[in-house]
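Visitor: Have a look at this prediction, sequence included:
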Amino acid sequence: MGCFFSKKSRRKSPDREPSLSAAGKDATGNNVSESTAPSSNDQAAPKQYSWDKREKVDPKDFMLTGIKDATVGRLPGKLNGQQFVIQECENCNIFVFDHSATVTIDDCVNCRIVLGPVKGSVFFRDCKDVKCVVACQQFRTRDCKKMDVFLCCATQPIIESSTSMKFGCFQYYYPELAFHFKDAGLSIFNNNWSNIHDFTPVSGETNWSLLPEDAVVLEYVPLPDSESEFKSVRISADVNRSIVPLTKGGRRTESEESCLFVFFAGDYTTANARKLIDEATAKGFILIQTKEVSMRPEDVNRVFQNNAEGLVEWTAKGPVVALELNGDGVVEACKNIASEVFNGTKVFVSENKNSASRDVDNFFNFADMQMGL
């Protein structure tokens, strides 16, 4: 019996394949001319996939490494939601005027940093003498020392093995910032800047504190150099222009009277909330905290209780924006503002001083639970 592999298959041998002549015949016996014979040029082009068409990304465009004594960063439109890395920088002014996915800052010393909205986490590691303005979903530090942070954070900020940390409320503006907040999926009303969790507390010591209430951002993080590439960016740290409302946070209030004011979803919810803040603060009242959160029908009944009737249909239209305002006489003042300024707009305002405290606790306890705080 012969072996199958003992002879070379004629069918697979290229030098034994019959070649077509200029006027040969095809498999069906028809004449085939040279002009109609298949050629290598007639082969189909390789299929293009979506990932083949993507613009090539240079990792160096998304890193700042080993820079000293310089003003550096990224202009709007340069990151577009990519992750970013800053490491081993010293005595630098760093401005990232764009939204990003995540940002890690490692081994930086004596730097001033501004970060546009970050969809995920901002993580500082092994940094010292850093002053920064940050907006993010999550904020965390590890092995850091002497940081001053003007923060907008959607979740509870966490410090670990870090000392001499000071926090203040985010106060900043540049023209694209509101759009960058939206692109990063962050709400300007969800800011837990003062609700710090120390993962490694030391008995008898305080690793963090709040910046002075009258702290001015530009005294900590100055404007870019007039000769830098960022000179054309119109920046303001004025409290009245800040994208994020300035809140008192965890500082002690001067009055025992607070009021809950809630705007329901609509075309002008954000603008109306800002208008209320302007009206109330002009009268001397203080904005304590704000939240933007979605509510289910059962949530409405639990939070608003006897006032829930008629509110369920409004919460189905989208998230609500709630504000706590504080000061003697604030409840009556808010009711007047609601009737005079927001007549025709669906709102909830605490009915009286006695019920207001319960309203505030019910809503913000619910909101914190919803957000996992």
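Guide: Received it, and whenever you're ready, just let me know what you need.

Visitor: and Gly318, what does it touch?
Guide: Going by C-beta atoms under 8 Å, 6 or more residues apart in numbering, Gly318 touches 265, 269, 294. Where you see a C-beta, it was placed from the backbone N, CA and C, and this is true even at glycine.

Visitor: what pLDDT does the last one get?
Guide: So that's Ser294. pLDDT for Ser294: 95.

Visitor: repeat for the second one
Guide: Note on Thr269: pLDDT of 94.

Visitor: tell me the contacts of the closest residue to it other than its chain neighbours?
Guide: Closest residue in space to Thr269, ignoring its immediate chain neighbours: Phe263 at 5.0 Å, by C-beta to C-beta, 6 or more residues apart in numbering. Phe263 makes contact with 269, 272-273, 276, 320-322, 345-347, according to C-beta under 8 Å, 6+ apart.

Visitor: State the distance from Phe263 to Phe181.
Guide: Using C-beta to C-beta, to the nearest Å, Phe263 is found at 18 Å from Phe181.

Visitor: just Ile113 next, same as before
Guide: Remark: distance between Ile113 and Phe181 (C-beta to C-beta) = 18 Å.

Visitor: Please say which of those two ends up with more neighbours.
Guide: Ile113 (27 against 19; other C-beta atoms under 10 Å).

Visitor: Skipping adjacent residues, who's closest to the more buried one in space?
Guide: Distances taken as C-beta to C-beta, 6+ apart place Cys132 nearest to Ile113, at 4.1 Å, with adjacent residues excluded.

Visitor: how about the one you found, secondary structure?
Guide: strand (DSSP: H, G, I helix; E, B strand; the rest coil).

Visitor: What residues are bridge-paired with it?
Guide: Here Cys132 shows beta-bridge partners Ile113, Val149, assigned using DSSP bridges.

Visitor: which residues touch it?
Guide: 112-115, 147-150, 221.

Visitor: how about the strands in the stretch 201-350 of the chain?
Guide: Per DSSP state E, counting those that start in this stretch, the stretch 201-350 of the chain carries strands over the ranges 208-210, 258-263, 286-293, 320-326, 347-349.

Visitor: Next, format the ones you listed as a markdown table and append distance to Gln82.
Guide: Shown next, in a markdown table, are the strands of the stretch 201-350 of the chain (distance: least, C-beta to C-beta, whole Å):
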| stretch | distance to Gln82 |
| --- | --- |
| strand 208-210 | 30 |
| strand 258-263 | 34 |
| strand 286-293 | 26 |
| strand 320-326 | 30 |
| strand 347-349 | 40 |
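
Visitor: how about those strands, which one is nearest Val57?
Guide: For these, the distance to Val57 is smallest for strand 286-293, at 33.2 Å, taking C-beta to C-beta.

Visitor: Against Asn272, how distant is Phe261?
Guide: Distance from Phe261 to Asn272, by C-beta to C-beta: 10 Å.

Visitor: So the two - more neighbours on which side?
Guide: Phe261 (26 against 18).

Visitor: My guess is that one contacts Val347. True?
Guide: Yes: taking contacts as C-beta atoms under 8 Å, Phe261 lies within contact range of Val347: 6.7 Å.

Visitor: hey, what's in contact with both of those two?
Guide: Joint contacts of Phe261 and Val347 (C-beta under 8 Å, 6+ apart) are Ala338.

Visitor: Do a quick rundown of the strands in the stretch 1-150 of the chain.
Guide: Using DSSP E, counting those that start in this stretch, the strands of the stretch 1-150 of the chain run over 23-25, 31-33, 63-65, 71-74, 84-87, 93-96, 103-106, 109-125, 128-142, 145-153.

Visitor: contacts for the fourth one?
Guide: Going back to what we said before, that points to strand 71-74. Around strand 71-74, the neighbours that count as contacts under C-beta under 8 Å, 6+ apart are 64, 84, 89, 92-98, 114, 224-225, 228, 230.

Visitor: ok, Asn272 - contacts?
Guide: 263, 266, 342, 345.

Visitor: For Cys89, which residues are in contact?
Guide: Contacts for Cys89 were tallied using C-beta under 8 Å, 6+ apart; they are 64-68, 72, 108-109, 111.

Visitor: Now Gln138. Nearest residue, chain neighbours left out?
Guide: Per C-beta to C-beta, 6+ apart, closest to Gln138 is Ser121, 4.0 Å.

Visitor: so what's that neighbour scoring on pLDDT?
Guide: So, for Ser121, pLDDT stands at 98.

Visitor: how many neighbours does it have?
Guide: Ser121, neighbours per other C-beta under 10 Å, totals 18.

Visitor: Check Ser232 too.
Guide: Neighbours around Ser232, by other C-beta under 10 Å: 8.

Visitor: Could you pull up phi and psi at it?
Guide: The phi and psi values for Ser232, taken as degrees, to the nearest 10, are phi -80, psi -10.

Visitor: Can you give me the distance of it to Gly327?
Guide: Distance from Ser232 to Gly327, by C-beta to C-beta: 41 Å.
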